[in-house]
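> Compute the structure for the input listed below.
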Amino acid sequence: MILRLLALLALLLPAAAGAQSRPEIARTMRRATQFMVEHVAVHGGYVWSYLPDMSRRWGEMEARPSMVWVQPPGTATMGHLFLDAWHATGDPYYYRAAAAAADALIRGQHRSGGWNYFIDFAGPRDAQDWYATIGRNAWRLEEFQHYTDNATFDDAGSSESMQLLLRMYLERREAKYRAPLERAIQFV
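Coordinates of the predicted model:
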């Protein structure tokens with residue numbers, strides 16, 4: 001037991017010795033956020049994972065370059081992260097990144113007030129083609145096997161998006177968040 005603790009301590013000491021200062025952490029956060037905002041985001045939105053060369057991307061399933069995922073940990077999750085970073089640092093860049101994520105969700109909000117699992121900024125015809133090709137092969141994911149043009153309560157996509165819009169509205173009372181937030185509340 002003591003040998004295991006010593007081995008663990010030996011592994012952790014170099015990490016503790018290399019810990020960054022607060023300014024270094026802030027610079028690293030900013031650099032990572034700039035990469036996400038400037039090179040990864042699609043109209044302010046995100047999917048779950050990407051190949052390092054950005055040639056392929058996935059939400060719950062493979063996504064096209066024009067798509068962002070609503071279902072966590074997608075666009076709203078990133079918006080919450082950026083808003084939290086703004087609160088932690090006071091750097092307005094993070095607020096703008098959160099606003100871009102919220103704006104992506106507003107652009108993709110379903111007419112019912114909720115959200116689908118994803119938003120395809122290329123339009124409904126491209127989304128229909130995605131369902132007919134990629135989605136139809138979704139084993140155990142029946143919700144992706146046919147195009148339905150719907151909003152869903154499943155997997156917290158709508159609720160997390162609503163929470164982000166509420167947070168954005170409460171920060172500065174910007175009118176652009178109020179109407180979509182009210183539509184989302186009516187959806188519930």
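> hey, let's count contacts and neighbours off CA atoms from now on
Will do.
> Look at A156 and report its pLDDT.
A156 is assigned a pLDDT of 89 by the prediction.
> Surely it and P72 touch.
Yes - assessed by C-alpha atoms under 8 Å, A156 is found in contact with P72 at 6.8 Å.
> Which parts of this structure are strands?
Per DSSP state E, the chain carries strands over the ranges 49-50, 57-58, 62-63, 67-69, 118-120.
> returning to what we had before: between A156 and P72, which one's more packed in?
Each of A156 and P72 has its neighbours counted (other C-alpha atoms under 10 Å); P72 has more, 21 against 16.
> Kindly list the main-chain dihedrals of that one?
Backbone geometry at P72, expressed as degrees, to the nearest 10, gives phi -60, psi 140.
> separation between it and I106?
16 Å (C-alpha to C-alpha, to the nearest Å).
> In terms of position in space, what residue lies nearest the middle of this protein?
By C-alpha atoms, centre = their mean, the mean C-alpha position of the chain lies nearest to T75, the distance being 2.2 Å.
> show me what contacts that residue?
44-47, 68-69, 101-102, 104-105 (C-alpha atoms under 8 Å, 6 or more residues apart in numbering).
> Now, the residues you listed that are in helices?
101-102, 104-105 (DSSP state H).
> quick one: contacts for G113?
By C-alpha under 8 Å, 6+ apart, G113 lies in contact with 151, 180, 183-187.
> Who are the contact partners of S66?
Per C-alpha under 8 Å, 6+ apart, neighbours of S66: 42, 120-122.
> From K176, how far out is it?
24 Å.
> Also Q186?
Counting by C-alpha to C-alpha, the gap from Q186 to K176 is 17 Å.
> Could you give the number of residues near the spatially closest residue to N116 that is not a sequence neighbour?
Nearest residue to N116 in three dimensions, chain neighbours excluded: A151, at 4.3 Å (C-alpha to C-alpha, 6 or more residues apart in numbering). Residue neighbour count, defined by other C-alpha under 10 Å, stands at 19 for A151.
> and A151, backbone torsions?
Dihedral angles for A151 - degrees, to the nearest 10 - are phi -110, psi 160.
> hang on, it packs against I119?
No - contact between A151 and I119 fails when scored by C-alpha under 8 Å: they sit 10.8 Å apart.
> So for the residue nearest to G74 when sequence neighbours are not counted, what's the pLDDT?
Sequence neighbours aside, V47 is the residue nearest to G74 in space, at 5.1 Å (criterion: C-alpha to C-alpha, 6+ apart). Looking at V47, its pLDDT stands at 98.
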